[in-house]
Each structure stands twice: as C-alpha cells, then as structure tokens.
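**Q** One predicted model, sequence on top.
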Amino acid sequence: MTRVDLKKPVGVLCCSRLQITTAMLHALLVSRMPRYYYVSSLILSLLVTGCQGASSTTNHEGGLQAREIEFTSLSNYRITKPITIVDFKEVYLGTNVTSVPVTWETDHKSATIKAITFTGQSTRAFAAELIRSSEKKKAYAHVLFLFSPSKPGEFVAFAKPRLVDDVLAAAIKLRGMGVAVINQGNLMSYDIPDSLKKGLDFGRIPVGTLSQRKFQVKNLDTLHPVDVSEVIVSSDFEVKTVKLSTSLIHQGPVRSFSIPKGATAEVTVEFKPPAGFNDNEKLFTGSIEFRSRAGASRTGVSLCGIAFHPPDIKSIPGCYE
C-alpha cells in the first residue's frame, strides 16, 4: 500500500501498531464497505488524551449521545441511529480494525469535538482518528475508533469526547476480542501450535530469506463441498500452495478453491520480509482468512514473523510475547 503522509498532523500516536492514511480514509468514506474492515498498515494522526490508562470510573450517563454516520460522499453524510457501544467482535492478533464514523449530535447536526479521552482497563488496545470539519480550524465533527489486540482475550474501554463550550456528552463503550484463530460455519483451521494463544509464528529470519508454515483447513460439512471464493492475506505474507490431494495442488497466488465434503486442505503460507527498513529488526504481523462463496463460512489465523539485518541483535522478545 502506498504511504501517504498527512500534511497537517493533529496530534501524536498513543497506541502502538495503529496507522491510517488519508487515501485509506477517503476510500472508507465514499465506498460501501462492510461495517468493520481490516487495514494492513497505518500512519495515524491523532488528537487523543488519556491513552495510558486512566481510572475506569467514568460517567456514562447524561449529555449528548453518540450516533453512527453514513457517508454519501466525502462532504455529505447523514446522522443515523444512536449507539452506546462499538463492538469490534473477533479480531486477529496483530491486525487493526476500524469502526464506522461516530459523532455526537446537537440540534440535528454534529457537535464539534476537541479531543477523545479513553478510560478503563484496555485503553492501549484502542485509538481514535478525529476527522476535521474545517481545514482552517482545528474543529472535528466525527471520529473513527480503532482496535488492535496484542494478545488473546476481551478488551473493553470507554471513550468520552470533549466538546467545544464544554457541552456534556455521554461516553461510548468500546469492546473487542483478540483471537489467534477464527472458525465460523463449516470451515475450521487447525494443526496450529498453541493456537489458543498465538497464530502462525514464522520465527526470526534474516532479511532476504523466507520462512514457510503449514496448517490445515477442514470442511466440516460431510454432505456438500465448500467453495472458498475469497482468500484475504496481509502484505508480506503469501499463500504458496493449497493442497487438496497428491494430484490437486493449487499454486500461489491462490484466490479461490473448493474443498470436497468432509475433506481437508493443507495450506502453505510464506513470510518473505522486504529489505527496506532501517532498524536492525522489525516485527511483521497480519492474518490470512478464507471465506466461502455464500459468506456463511470463514476461517483464518493470525500471522507473525520477525526480520533482522545481520548480525542478529535481539531487542524484540518474539511473536505474541
């Protein structure tokens, strides 16, 4: 993905691994994407306070209530239903997911937001991107919330806006579940070491080399095949082969395939890190997911590898640590 630096950054990043570009944001606002979507790499400009974990006692009652925003173009939108929680549901470890735009309404229009304060026990897992309502003034009409789990388990925090003129506003609850593996419907991933705590670990490898890992994807339906129509994999990782039998092996890049009833596919994933980073070592994270044609089944796993420029001087403890 092309990096686009924001010309006028409005703050600093408080939560690691979260980035976003102007081009990505514009694509979000004008497209009809799913309610939540994954982003692969980010350079975030934030105006966020309280990122270090304040007290969990927050007044969630009273004041203006948060509402969802539906964009019809870059400049036109409508304010829709009120919400009290943004639930990101299951998200792969090491990946990033963002919410629909959210605002606080006053007199049937967006209130002006000065900052977002996070409180609770999981504030480091969440961040916020404030969207300008004016290029000339530091005024923000709505916000995108982001979630990036670093370990398995449930993450909960509360986000409270600070509005102009100190108008009272109710906080909104943020929730997400960090998982190493997702199994839904008739597709199941297995043969992943310690999959309750981590995904595929490619280990530490020198820049210019590669590492491969294998796992199994099973069709749990014993009566019908499952047609996998979408293979979604993060950059820096690649599906090299999908082996259905000794005589039927799909070579990468693999975009679709069919698993016969009750059968299992052996998936080989490759991690080949790029050389273009300045640090001695770098952590690469992502995910791979397979989705059925009907959309009822999906399965996937988080991915992680560490690349280094020799000599191997370790400062990153390891994947999922």
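**A** That came through fine.
**Q** from here on, contacts and neighbour counts on C-alpha atoms
**A** OK.
**Q** Just the CA trace of the helix or strand residue 303 falls within, in CSV.
**A** Under the criterion of DSSP states H and E, residue 303 resides in strand 298-308. What follows is strand 298-308 as a C-alpha-only set of coordinates in CSV (Å, rounded to 0.1, in the frame of the first residue of the first chain):
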residue,chain,number,x,y,z
ARG,A,298,-15.0,-18.4,7.2
THR,A,299,-11.8,-19.4,8.9
GLY,A,300,-8.4,-17.9,9.4
VAL,A,301,-5.3,-17.4,11.6
SER,A,302,-3.1,-14.5,12.7
LEU,A,303,0.4,-14.4,11.3
CYS,A,304,3.7,-13.1,12.8
GLY,A,305,7.4,-13.0,11.9
ILE,A,306,10.5,-11.1,12.8
ALA,A,307,13.1,-10.0,10.2
PHE,A,308,16.5,-8.8,11.1
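**Q** What helix or strand is residue 118 located in?
**A** Using DSSP H and E, residue 118 sits in strand 113-119.
**Q** ditto for residue 287
**A** Following DSSP H and E, one finds residue 287 within strand 281-292.
**Q** Show me what the strand holding residue 303 is packed up against.
**A** strand 181-184, strand 187-190, strand 200-206, strand 281-292 (3 or more CA pairs under 8 Å, 6 or more residues apart in numbering; DSSP states H and E).
**Q** Beyond the third one, next helix or strand please.
**A** Put plainly, it is strand 200-206. Using DSSP H and E, the helix or strand that follows strand 200-206 in sequence is strand 211-219.
**Q** Could you give the average pLDDT over that following strand?
**A** Across strand 211-219, the average pLDDT comes to 96.
**Q** Can you name the residues in contact with that strand?
**A** Contacting residues not belonging to strand 211-219 are listed as 186-192, 200-203, 205, 225-226, 259-272, 299 [CA atoms under 8 Å, 6 or more residues apart in numbering].
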